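K.L.:
Next comes the sequence, and after it the predicted model I'd like to discuss.
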Amino acid sequence: MAMKVYRSRVHFLVAKEAPVVVVLQRKRAKLFHVVTIDAVTQEVQEGSWFEGRIYRKRCDVSFDGKYNFHFRLDAYPGLLEDAQWANWDSLGNLWVARPGTIEKYHLADLPERRPSFTLDLERLERPAPAG
């Protein structure tokens, strides 16, 4: 039996004031490896392995390259359990579509799992045709 081959995906975070690059490497679904590279000495520092979902577009590295920040939702199990669709907007809000509703969560709303905005789609009516 042949071994299953996973394509690795990488995301680079570049420090603005230091020659440091943080690499988020997704080995397979929900398995990430964090690696730091010093561009001057070409030294590679192996980081941690993380099993879960990291939202790579919401990650960053500090200006001096000493700290990296990554956002994940594993601290809120079940939040997306029955969601049909979820996405982040440019303001940092999480939009979740569930059967019959659309919900918006601010980051402060996540611990209570209380959406800041809910739209009930079952109440929407099709507009009457013009004329």
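P.N.:
Nice, thanks for sending it over.

K.L.:
how is this protein carved up into domains?
P.N.:
Following automatic domain parsing, one finds the domains of the chain at 9-69, 85-123.

K.L.:
pretty sure D120 is in contact with R98, am I right?
P.N.:
No. With contact defined as CB atoms under 8 Å, D120 does not reach R98; the gap is 10.7 Å. Yep, even glycine has a C-beta here, placed from its N, CA and C like the rest.

K.L.:
Looking at these two, which has the bigger crowd around it?
P.N.:
R98 (16 against 9; other CB atoms under 10 Å).

K.L.:
would CSV of the domains of the chain with distance to L79 and mean pLDDT be doable?
P.N.:
As requested, the domains of the chain are exported to CSV (distance: least, CB to CB, whole Å; pLDDT from 0 to 100):
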stretch, distance to L79, mean pLDDT
domain 9-69, 11, 86
domain 85-123, 6, 79
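
K.L.:
Y76 is nearest to which of those domains?
P.N.:
domain 85-123 (5.4 Å; CB to CB).

K.L.:
Quick check: buried residues in that closest one?
P.N.:
N93, L94, W95, V96, R98, E103, K104, Y105, D109, P115 (16 or more other CB atoms under 10 Å).

K.L.:
closest to E46 among those?
P.N.:
Out of those, the member with the shortest distance to E46 (by CB to CB) is L94, at 31.2 Å.

K.L.:
List the residues that contact the closest residue to the closest one other than its chain neighbours.
P.N.:
Spatial nearest neighbour of L94, excluding adjacent residues (CB to CB, 6 or more residues apart in numbering): Y105 at 4.4 Å. For Y105, the contact set (CB atoms under 8 Å, 6 or more residues apart in numbering) comprises N93, L94, W95, V96, P115, S116.
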